[in-house]
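A.B. asks: attaching a predicted model along with its sequence, questions to come.
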Amino acid sequence: MRADDILSIGQVATRTGLAVSAIRYYEDMGLISPMRAPGGNRRFRRADIRRLSFVRIAQGFGFTLPRIAELLADLPEARTPTAKDWRVISEGFKQELDQKIATLTKLRDDLDGCIGCGCLSLERCALYNRDDTAAQKGDGPRYLMGDTSD
């Protein structure tokens, strides 16, 4: 490993656009594992820039940090991930994004009939949730997300 392949936390912050505190937090979450210099300072590999950039992108797509940690767990930490490593992760990532897109498309398409419609027939409303029965199916507007009341 070349000397310029090792970066300080400040250099990583500049390269990724993340605050130093965010980088430390991501370390606490296990998303990155910097080395330590003899004085205890964090030292990062250039591959950590990619990992942190992936975290930012994944968060932008609505993935939670625990889910991002699961995705990154399959990447090697001792070496720079290869194209094959990223391809494996991206396949699962694409499937989850496709599901999110389908859900968001359905929500978008159904919203014009729900928000502010002035509907007096609550029995037909996709937001109507008699006796909170949708809670058994999970959080959020379950019927708009594709669940049925049966």
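C.D. replies: Received, thanks.
A.B. asks: looking at the protein, which helix is longest?
C.D. replies: The single longest helix within the chain, with elements called by DSSP state H, is helix 83-111.
A.B. asks: now for the protein, the helix or strand with the poorest mean pLDDT.
C.D. replies: Here the helix or strand of the chain ranked lowest by mean pLDDT, DSSP states H and E is helix 83-111, holding a mean of 84.
A.B. asks: which elements pack onto it?
C.D. replies: Applying 3 or more Cβ pairs under 8 Å, 6 or more residues apart in numbering; DSSP states H and E, we find helix 83-111 packed against helix 65-72. No exception for glycine: its C-beta is placed from N, CA and C like everyone else's.
A.B. asks: name the residues of the helix it packs on that come out as buried.
C.D. replies: Neighbour-count burial for helix 65-72, counted by 16 or more other Cβ atoms under 10 Å, picks out 68, 71, 72.
A.B. asks: list just the nearest of those residues to residue 27.
C.D. replies: Of all the buried residues of helix 65-72, residue 72 has the smallest distance to residue 27: 12.3 Å, by Cβ to Cβ.
A.B. asks: next one, pLDDT for the closest one please.
C.D. replies: Per-residue pLDDT puts residue 72 at 82.
A.B. asks: now the one 4 residues further on
C.D. replies: Model confidence at residue 76, given as pLDDT, is 72.
A.B. asks: distance of the closest residue to it other than its chain neighbours relative to residue 146?
C.D. replies: Of all residues not flanking residue 76 in the chain, residue 85 sits nearest, at 6.8 Å (Cβ to Cβ, 6 or more residues apart in numbering). Going from residue 85 to residue 146 by Cβ to Cβ, to the nearest Å gives 33 Å.
A.B. asks: against residue 146, how distant is the residue most central in space within the chain?
C.D. replies: For the chain, residue 63 is the residue whose C-alpha lies nearest the centre (Cα atoms, centre = their mean; 2.0 Å). In this view, residue 63 and residue 146 are 20 Å apart by Cβ to Cβ.
A.B. asks: just residue 95 next, same as before
C.D. replies: Plainly put, residue 95 is 16 Å away from residue 146 if you go by Cβ to Cβ.
A.B. asks: can you list the low-confidence ranges for this structure?
C.D. replies: By pLDDT under 70, the low-scoring segments of the chain are 1-4, 77-80, 111-130, 143-145, 149-150.
A.B. asks: where exactly do the helices run in it?
C.D. replies: 9-16, 20-28, 47-60, 65-72, 83-111.
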